[in-house]
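A.B. asks: A structural model of the following input is requested.
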Amino acid sequence: MDWDEFVVEEKKYMSTDDVPDVGEVVTVTECGREEMANRKAEQDPRAPAYVTKLVLHFAEKTPGFVCNRTQTRALQRIVAPSPDTDALIGRQIILRRVPLPQAYNGHSHTVEIVAVPSSLPAAPPPSAPTAAPVPR
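C.D. replies: Purely as a prediction, here's the structure:
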């Protein structure tokens, strides 16, 4: 029996393990929304059972990237004043793995999250023609 049968599986969503320590530039190919189980509903019966999350797909990576509220707001600032998430398609963004200190029940530890910067160098909109490379 091969260990890979138990360890390797196709992932639907990215985790911090999918982002290198130094960060990575990725190109958005698709923006969508998905209904996901709400973890807060386990502790609070008034919380909705499902929440809608923004999910991005990239040319360079297979699993989708589920955005939390902070990441969604950072991405919104990148394409402002556009009210449409499709304004992200064709844009390059930087995914970076960063440590985040946590405190729970009197104990502190650090978890890693994927951060999205709130500003990037200006990029042409996806519909703008780009110059062909000059042969050398």
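A.B. asks: Let's check: the centremost residue of this structure is which one?
C.D. replies: Residue closest to the average C-alpha location in the chain (Cα atoms, centre = their mean): Phe65, at 3.7 Å.
A.B. asks: next one: phi and psi at Asp18?
C.D. replies: Torsion angles at Asp18 (phi, psi; degrees, to the nearest 10) stand at phi -90, psi 0.
A.B. asks: Need the CA coordinates for the top helix by length along the chain. PDB is fine.
C.D. replies: Counting by DSSP state H, the longest helix found in the chain is helix 69-79. Taking C-alpha atoms only, helix 69-79 is exported to PDB below (Å, rounded to 0.1, in the frame of the first residue of the first chain):
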ATOM      1  CA  ARG A  69     -14.100  39.900   5.200                       C
ATOM      2  CA  THR A  70     -10.700  41.600   5.700                       C
ATOM      3  CA  GLN A  71      -9.300  40.100   2.500                       C
ATOM      4  CA  THR A  72     -12.400  41.000   0.500                       C
ATOM      5  CA  ARG A  73     -12.200  44.600   1.700                       C
ATOM      6  CA  ALA A  74      -8.500  44.800   0.700                       C
ATOM      7  CA  LEU A  75      -9.300  43.500  -2.800                       C
ATOM      8  CA  GLN A  76     -12.200  45.900  -3.100                       C
ATOM      9  CA  ARG A  77      -9.800  48.800  -2.400                       C
ATOM     10  CA  ILE A  78      -7.500  47.500  -5.200                       C
ATOM     11  CA  VAL A  79     -10.200  47.900  -7.800                       C
END
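A.B. asks: Fine by me, thanks again.
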